[in-house]
Every structure is written in structure tokens, then in C-alpha cells.
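K.L.:
Predicted model follows, preceded by the sequence.
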Amino acid sequence: MEFDGSIFKAYDIRGTVPDQLNPEIAYRIGNALAGYLKPKSIAVGRDMRLSSDELFEALSSGITDAGVDVVDLGMISTDGLYFAVGKYGYDGGVMITASHNPKQYNGFKVCRREALPLSGQQGLDKIKLALENDTVIKSSSRGSTARKDIAEAYAAHCLSFIDLPIIKPFKVVVDAGNGIAGLTLPPVFEKLPLKITPLFFEPDGNFPNHPASPIELENLESLVAKIKETGADFGAAFDGDADRMFLVDAHGRQVGGDLTTALVSDNLLDSYPNETILYNLICSRAVPELIKRKGGTPIKTKVGHALIKPLMKKHNAIFGGEHSGHFYFRDNWFADSGLIAFLVCVELLSKIGMPLHEKIASIDPYFRSGEINTRVESALDKIEEVSQAFSDGEQDRLDGLTVEYKDYWFNIRPSNTEPLLRMNMEANSKYLLEKKKEEVLRIIRG
């Protein structure tokens, strides 16, 4: 069949509806997935996007036509899907979502047994090949579809990560961004003493208030204003499918995903000393430094959930975190959950009796550039140019190029989906950050 092969990304399938993704393609993807995994049952969840219901019907038909049963989880978060696959032993799972992308997008995040993700080179390539070869499986015995509600079980699972009696009644503003968090958070919040001010908890695939992408500061403006208006202790924002979470302190400053990784690590290592924790190479030096101070073992990884989850399993790591707001837990089938990360941070703040901004200041002495993207003709050529210009630094090629000096470091790596070179830098002073950032960008953009 004819289709746009670019919808197959490094970590998921994603595109615009209906030109890149439509019911026919969704049917074929479901059918190919059933042929690849050869499962007995596949759990399918969906977010609140305008096209999610029709894509669910088509995907499910493709699966059941192949003789495989579908477990319809209804509207849930992506981390809820991972929970269901792990908890109930399903052979695979599909979350219909485009995460933080604008409303015209949709897609599929796919996992196999034990919530292990399929990626571009681990399964998604086989599904793409089935579509290219026009392979369709029709079983003489059609699979069934059964509905399952996991809301109560998932809430209990998330709450099991914290000691409920010690949680303090913080005033917290939570922005669901009209995403699926508006459905998944209330069953958890009703068990907590927190005084929650909810923002945009009505799931709406039109995203009428702002894009559900809390990594961009402009999408936190309503949250910051409400924190200041209510005198809240802190705030939190979730993305469209609610698997990512970002904290905002009482002064309206976003806490990066890497520093949230440090907060979660701080708390977990109190209860589970000497454990291994993974962090991706874009994270601040503050992360491995804290882990070492607490007696843990930090391991640096490439960027991306499909890479981190298998590594966590290999090292039996208790936790893993990314700068992008993805947080992975061993006791959550090594899958990510923004909600569990939020709860662990609330527990930490309850124990230490220190405001969020003071805690961050105590562990973070650095200055960062944030991710700077530059469109280039050849990312690999530019990487080599930068490598030669900074040849006196300690270099590694784990993911793109990382160059480390005593008082600063930076990483440049090509985008998986666009002709972009991504640059992140951290330094001991703001002056040094600006000076070195200009030097690197001059080469990249020259």
C-alpha cells in the first residue's frame, strides 16, 4: 500500500491526520503488529485527540482480523498503558497519541510484553516492512474486544511509591493542558492531602488554552500566573498523554527534567541505598554528582526511552531520568511515569521541610543553555568540525559528540527526524556559558 514512510520515527509512529495517518493505515499497522508479535492479546489505550476514536476502531479491527484479542483500556495516559501491560501480563500494548504535538497529529506508541518498547530498529521496522509488502493477515478465527477499566488499580499502584501519612498539605497548581491528565490525576489526588488548584483538566483535543507541551516555557504562562495568584508552594504541568511532567517553583521557574531526576534520585536513595540510577547525557552534572553523594551508582546513557528502558533492565537500575521529563522506575516495569515522579518529589519535599526552589538551589550550582537547534546541511560534517576545534577537551561519541572540560561541557547531536543539529551546554558561570556557546554556534552556523 502507499503511505508516507516518515511516520515511522525512532521511538514511535506519528503523523498528521488524515494525510499521513488515517483509518486504513491504522488498520494495517494493527494487523502488522499482530503478525509481528504473534500475541494472544494486545491492550490498546487512547488519548483525547479528535481522531483517536476512529484510529482505535481501525487499529483494533486490524488486530482482531489477525485472530488476536484486543483489551480496550479506553481513554488513559501512556504510563497507564504501560502499567496495564505489565500488571496484567498482556503480550503487547498500543497507546494512540501524539503526545505533545499539535492537534492535527496523532500516532502510536507501541510496546511488547512487560512494557518493553518497540523502536525504529526493534520492531517498528518490521511493521513498516509489512505495510510496504502489502501483507495482510486474515485469521479464520477473529479476535474479540473486551473493555477494561484500570483507573482505580493504576491510582493505587502510583500511590504505593510513597508513604501517604507523611505527605504535607501543600498548595499545588496542576496544569493538565486539556490533555489526558485531566482524567488520570483526580483518582490519585483524592487520596492526598494536597490542596490542588486544577488548570485545564477538561480533556479537549482542540487544546483551546495552550499546546500540551510543558517543556516550552511559553506554555507554562497560565500555570506561573496561577501559582503567584494563589500563593502556591509549587506547580506541575503534564503533557498531552501525561507521561511527562515538569515542576515549577513558587517563583514561577521551571525545574528541568534533569533536576527533577536529581530530586527523585535523592528521595529513592534514602530508601534504597547503593542502587544504580541512569540519566541521559544531556542532564546536568548536578545529577551524577548528587547520585554519588548519596551513595548510588550513576550511569550515563543515550537519549530516548527505547534505549533507556532495556539498559535499566540490564543494570537492574531502580530509576532513570531524562532532561525531557521522562522518568523511569524499576518497580513500574522499568517504564516511565510522570505521575509517579510527581508523587516521589512531593514526598521528598514533605520530608525535608524545604521549599522546592531552596532544594534546587542546594544541588544546582550550574548555568545551562537549554537545547539550541540549528538547521544544517550535514550534521555529521559539523560534528567533525566542532570535534577538531575542541580537540583538547575530553570527548565521547555515545550520542553525537560530548566535549567535557573542568568548568563546562557541551553535547551536539543530530535530530532523529529533522535536518537539525541539537546543542546543549552547561558551565560553572554565566559568563563562561555565553562565551563558549557563541564559540560552538559560530562553527555550527558558519
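P.N.:
Alright, I've got the coordinates.

K.L.:
Tell me where the stretch 1-150 of the chain has helices.
P.N.:
23-37, 52-65, 78-88, 124-132 (DSSP state H, counting those that start in this stretch).

K.L.:
before we move on, what about the stretch 251-400 of the chain?
P.N.:
257-271, 286-293, 305-315, 338-352, 356-363, 379-389.

K.L.:
Quick one: those helices as JSON lines, columns for mean neighbour count too.
P.N.:
Bear in mind the C-beta positions are built from the backbone N, C-alpha and C, glycine included. Formatted as JSON lines, the helices of the stretch 251-400 of the chain follow (neighbours: other C-beta atoms under 10 Å):
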{"stretch": "helix 257-271", "mean neighbour count": "23"}
{"stretch": "helix 286-293", "mean neighbour count": "19"}
{"stretch": "helix 305-315", "mean neighbour count": "19"}
{"stretch": "helix 338-352", "mean neighbour count": "23"}
{"stretch": "helix 356-363", "mean neighbour count": "16"}
{"stretch": "helix 379-389", "mean neighbour count": "16"}
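
K.L.:
Any idea which of those gets closest to Ser52?
P.N.:
helix 338-352 (19.4 Å; C-beta to C-beta).

K.L.:
so what secondary structure elements neighbour the closest one?
P.N.:
Helix 338-352 is packed against helix 78-88, helix 151-159, strand 234-238, strand 245-249, helix 257-271, strand 327-329, helix 356-363, with contacts defined by 3 or more C-beta pairs under 8 Å, 6 or more residues apart in numbering; DSSP states H and E.

K.L.:
roughly how far is the helix or strand containing Phe410 from the heart of the chain?
P.N.:
Using DSSP states H and E, Phe410 sits in strand 408-414. On the basis of C-alpha atoms, centre = their mean, to the nearest Å, strand 408-414 sits 21 Å off its chain's mean C-alpha point.

K.L.:
What's the mean pLDDT across stretch 139-156?
P.N.:
Taken as a whole, stretch 139-156 has a mean pLDDT of 98.

K.L.:
Could I get the contacting residues of the most centrally placed residue in the chain?
P.N.:
Nearest to the mean C-alpha position of the chain, by C-alpha atoms, centre = their mean, lies His326 at 3.5 Å. Going by C-beta atoms under 8 Å, 6 or more residues apart in numbering, His326 touches Asp243, Arg244, Gly257, His305, Ile308, Asp336, Gly338.

K.L.:
Looking at the helices of the stretch 251-400 of the chain, which is nearest to Ala58?
P.N.:
Nearest of the helices of the stretch 251-400 of the chain (C-beta to C-beta): helix 305-315, 24.5 Å.

K.L.:
helices or strands up against that closest one?
P.N.:
strand 276-280, strand 297-301, strand 319-321, strand 327-329, strand 335-336.

K.L.:
how about a cut-off of 7 Å?
P.N.:
strand 276-280, strand 297-301, strand 327-329 (3 or more C-beta pairs under 7 Å, 6 or more residues apart in numbering; DSSP states H and E).

K.L.:
Low-confidence ranges, the chain, go.
P.N.:
Applying pLDDT under 70 to the chain flags residues 417.

K.L.:
Per the annotation, how does it divide into domains?
P.N.:
5-150, 169-252, 257-337+351-363, 367-445 (automatic domain parsing).

K.L.:
Quote the end-to-end distance of the shortest one.
P.N.:
Domain 367-445 has an end-to-end distance of 23 Å (criterion: C-alpha to C-alpha, to the nearest Å).

K.L.:
Could you give the separation of that domain from the chain centroid?
P.N.:
Per C-alpha atoms, centre = their mean, the centroid offset for domain 367-445 relative to its chain is 23 Å.

K.L.:
check contacts around the residue in the chain sticking out farthest from the centre.
P.N.:
Distance to the chain centre peaks in the chain at Ser140, reaching 38.9 Å (criterion: C-alpha atoms, centre = their mean). Contacts for Ser140 (C-beta atoms under 7 Å, 6 or more residues apart in numbering) come out as none.
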